[in-house]
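Chemist: the following comprises the amino acid sequence and a computationally predicted model.
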Amino acid sequence: MGNIPAYSAVLSSRAQKEISEAWNWYEDRQRGLGDRFLKEVITRIRKIEQTPERYPTRFKSYKETPVPVFPFLIIYRINKKGKLIQIVSVFHTSMHPKKKY
């Protein structure tokens, strides 16, 4: 039972677009760096699925956690009834904070 996630993550179209754009940007800089970014994002999402309450609530019902090594935050909401994690954004920290949510 250790590896079975408590919740399932669903990415918004915004989050999917942000991940894709970041992957392309990193791959343009250095081959394989985009894949490293993607691996870090996926690893963090898996941790969120295991223990979604672990990370702090920052605004209303939105929680966030940093992506290790990269300047991004994963912003999500928990749907306890549906056992879903709604990933609303993979937000670059250089952006204006008002654009997070």
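Modeler: Perfect, thanks for sending it.
Chemist: among the helices and strands of the protein, which has the poorest mean pLDDT?
Modeler: Here the helix or strand of the chain ranked lowest by mean pLDDT, DSSP states H and E is strand 57-59, holding a mean of 90.
Chemist: what helices or strands is the helix or strand following that one leaning on?
Modeler: Using DSSP states H and E, the helix or strand that follows strand 57-59 in sequence is strand 62-66. Counting contacts by 3 or more C-beta pairs under 8 Å, 6 or more residues apart in numbering; DSSP states H and E, strand 62-66 is packed against helix 33-50, strand 72-79. From N, CA and C alone the C-beta is placed, and that goes for glycine too.
Chemist: and these, which is most packed in?
Modeler: Highest mean neighbour count of the helices and strands packed on strand 62-66: strand 72-79, a mean of 22 (counted as mean count of other C-beta atoms under 10 Å).
Chemist: partner strands of that one and their direction?
Modeler: The strands beside strand 72-79 in its sheet (DSSP bridges) come out as strand 62-66 (antiparallel), strand 84-92 (antiparallel).
Chemist: might you report the residue contacts of the residue nearest to the spatial centre of the chain?
Modeler: Against the mean C-alpha coordinate of the chain, by C-alpha atoms, centre = their mean, the closest residue is residue 74 at 3.1 Å. Neighbouring residues of residue 74 by C-beta atoms under 8 Å, 6 or more residues apart in numbering: 41, 44, 45, 48, 64, 65, 66, 67, 87, 89, 90, 91.
Chemist: can you list those in JSON lines and add distance to residue 27 and pLDDT?
Modeler: Formatted as JSON lines, the contacts of residue 74 follow (distance: C-beta to C-beta, whole Å; pLDDT from 0 to 100):
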{"residue": "41", "distance to residue 27": "14", "pLDDT": "98"}
{"residue": "44", "distance to residue 27": "19", "pLDDT": "97"}
{"residue": "45", "distance to residue 27": "20", "pLDDT": "96"}
{"residue": "48", "distance to residue 27": "25", "pLDDT": "95"}
{"residue": "64", "distance to residue 27": "25", "pLDDT": "95"}
{"residue": "65", "distance to residue 27": "24", "pLDDT": "96"}
{"residue": "66", "distance to residue 27": "21", "pLDDT": "96"}
{"residue": "67", "distance to residue 27": "16", "pLDDT": "97"}
{"residue": "87", "distance to residue 27": "21", "pLDDT": "97"}
{"residue": "89", "distance to residue 27": "21", "pLDDT": "97"}
{"residue": "90", "distance to residue 27": "16", "pLDDT": "97"}
{"residue": "91", "distance to residue 27": "20", "pLDDT": "96"}
